[in-house]
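*Asks:* sequence plus the predicted model coming up.
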Amino acid sequence: MTVVVAGVKKEVEAGTTIAKLIVDEKVENPDYVTVTVNDDFVDSDAFDKTELKDGDTVEFLYFMGGGAF
């Protein structure tokens with residue numbers, strides 16, 4: 001099936017979970033990544049239970065802290 005990951009169309013196996021996609025995509029710092037599927041945030045506790053569907057759009061987001069001037 002086809003999903004869009006960070007703007008790139010990719011073929012993944014049916015039944016692929018967010019947790020598996022994080023491993024397959026070699027996401028840096030997976031403990032600190034936030035994931036959206038079709039612009040909806042997915043709780044990190046649900047990564048291993050949330051299966052992707054054909055046509056889904058997945059984004060990996062990292063929140064960065066800033067400093068003061």
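*Replies:* Received it, and whenever you're ready, just let me know what you need.
*Asks:* all helices of the protein, in order?
*Replies:* Secondary structure of the chain (DSSP state H): helices at 18-24.
*Asks:* where does pLDDT dip in it?
*Replies:* 65-69 (pLDDT under 70).
*Asks:* quick one: the strands in it?
*Replies:* All strands of the chain, identified by DSSP state E, fall at 2-5, 8-11, 34-37, 40-42, 57-61.
*Asks:* so which of these gets nearest Val27?
*Replies:* For Val27, the closest of the strands of the chain is strand 57-61, at 5.7 Å, according to Cβ to Cβ. Backbone N, C-alpha and C define where each C-beta goes, glycine included.
*Asks:* out of the strands of the chain, the one nearest Thr50 is which?
*Replies:* strand 40-42 (5.5 Å).
*Asks:* quick one: buried residues of that closest one?
*Replies:* Neighbour counts over strand 40-42 (16 or more other Cβ atoms under 10 Å) mark Val42 as buried.
*Asks:* counting by contacts, list what that strand packs against.
*Replies:* The helices and strands touching strand 40-42, judged by 3 or more Cβ pairs under 8 Å, 6 or more residues apart in numbering; DSSP states H and E, are strand 34-37.
*Asks:* great, nothing more from me.
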